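>>> Only the shape, not the letters, is given here:
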């Protein structure tokens, strides 16, 4: 017998009353959803007083999980299966999701954020177990924007009071290189482009450590740096057939996306390598450029500490007095006796080893517009004591000014 109403699951109007073990149940004929269950007497007390008990109460299932919670748990389980995570990871992520949905902060959020909440629980669980998983990987699986995912992640971390350790750069390099398709023969990968995974990983780690020591990592997204480092490492292992391969083709062959800043990170790494190569005595006879310096990355990484110390000044711009003859520091004597020691770079003093944002600043201060047309500077304007300190640089000037002020 047909009944009125619509099915809440599929929206069909084909609702029928079905007798299941002498119990009347309202069932959707389209999807099989049970809308109303029959009544059943289970205990002698109920039968004695002729009271009817619902079927869910007779089986002990007094509370059923909401559809939102069921859908979220399935999403967590599906992510764990795709990422091939252990069973204990899945249990922890499900518990985090259940705890989060009980909080008022996640009751009225959009369905999209609830979907991302499941991914955040898996992401937090992997970080707590030192499992190398990046936010970009989860976002690609959920087809989500990273800024929205990051906002949900920060909210989850704050509401549950979770401690989420940061992913180390070494783990990130390992995870990123595991997704490369250059380690197994494939139809679209030429034979000279195949590489051993362990050798590429070791060489990439060396270049990433060099980038970290030269201020190329601080405050920047790590994936473009790792991509550029992996490209240089891949070229340096077999320079002959690989030097003509550009970065874009390398990413296509490896099966990874090319982040836009990777070209800038590659340019900065090559500048550092060229500065180091100028200090190797056996390379001074060669006219190295950003293409040929890749052949010598192995030697540059082997003597990294010495070459960085010689190629870039560690001073911060302060003037230092030259020591008298015979009174040099022990470090200078040891450098002169080093087998790699040689002449300094040509072209004047060495530039300091500073972050690129200080060497090539993007934003420049605009000059202030004059307040009136006749406000041209004549050079006779008075300078206050607070402003005059901005024009003093050497310690001698500071002492002279203080002496004149006290006099």
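Here it is on my side, so go on. What you see is a predicted model; the values in this text were computed from it and never measured.
>>> residue ranges with poor pLDDT in the stretch 151-300 of the chain?
Filtered on pLDDT under 70, the stretch 151-300 of the chain yields no residues whatsoever.
>>> Show me where it has its helices.
169-178, 197-213, 222-237, 239-242, 247-254, 262-277, 297-302 (DSSP state H, counting those that start in this stretch).
>>> for the third one, packing partners?
If I follow you right, that is helix 222-237. helix 169-178, helix 197-213, helix 247-254, helix 262-277, helix 297-302 (3 or more Cβ pairs under 8 Å, 6 or more residues apart in numbering; DSSP states H and E). In this view, the C-beta of every residue, glycine as well, is placed from N, C-alpha and C.
>>> Could you look over the helices of the stretch 151-300 of the chain and pick the most buried one?
helix 222-237 (a mean of 23; mean count of other Cβ atoms under 10 Å).
>>> still on that earlier bit, how about a markdown table for the helices and strands packed on helix 222-237, with distance to residue 405 added?
Formatted as a markdown table, the helices and strands packed on helix 222-237 follow (distance: least, Cβ to Cβ, whole Å):
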| stretch | distance to residue 405 |
| --- | --- |
| helix 169-178 | 50 |
| helix 197-213 | 43 |
| helix 247-254 | 58 |
| helix 262-277 | 44 |
| helix 297-302 | 52 |
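>>> can you tell me which of those helices comes nearest to residue 83?
helix 169-178 (11.1 Å; Cβ to Cβ).
>>> Identify all contacting residues around that closest one.
For helix 169-178, the external contacting residues (Cβ atoms under 8 Å, 6 or more residues apart in numbering) are 130, 132-134, 137, 197, 200-201, 204-205, 208, 212, 217, 222-223, 226-227, 229-230, 256.
>>> among the helices and strands packed on helix 222-237, which is nearest residue 86?
Using Cβ to Cβ, the helices and strands packed on helix 222-237 put helix 169-178 closest to residue 86, at 16.5 Å.
>>> by how many degrees do that closest one and helix 197-213 diverge?
Relative orientation of helix 169-178 versus helix 197-213 (axes from the mean of the first three to the mean of the last three Cα atoms, to 10 degrees): 140 degrees.
>>> Any idea how far helix 169-178 is from the middle of the chain?
11 Å (Cα atoms, centre = their mean, to the nearest Å).
>>> when you compare where that helix runs with where helix 222-237 runs, what's the angle?
70 degrees.
>>> picking that back up, just put the helices of the stretch 151-300 of the chain in a markdown table and tack on distance to residue 150.
Output for the helices of the stretch 151-300 of the chain, formatted as a markdown table (distance: least, Cβ to Cβ, whole Å):
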| stretch | distance to residue 150 |
| --- | --- |
| helix 169-178 | 16 |
| helix 197-213 | 23 |
| helix 222-237 | 15 |
| helix 239-242 | 36 |
| helix 247-254 | 24 |
| helix 262-277 | 21 |
| helix 297-302 | 34 |
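>>> Residue 141 is nearest to which of these?
helix 169-178 (14.0 Å).
>>> picking that back up, mind checking the helices of the stretch 151-300 of the chain for the one nearest to residue 145?
That would be helix 222-237 among these, by Cβ to Cβ, at 15.8 Å.
>>> quick one on the thing from earlier: out of the helices of the stretch 151-300 of the chain, which comes closest to residue 124?
Checked against Cβ to Cβ, the stretch from those lying closest is helix 169-178, at 15.6 Å.
>>> element containing residue 17, please.
strand 15-20 (DSSP states H and E).
>>> Give me the neighbour count for the nearest residue to residue 286 once chain neighbours are set aside.
Using Cβ to Cβ, 6 or more residues apart in numbering and skipping residues adjacent in sequence, the residue nearest residue 286 is residue 292, 7.3 Å away. The tally of other residues near residue 292 (other Cβ atoms under 10 Å) stands at 15.
>>> Thanks a lot, see you next time.
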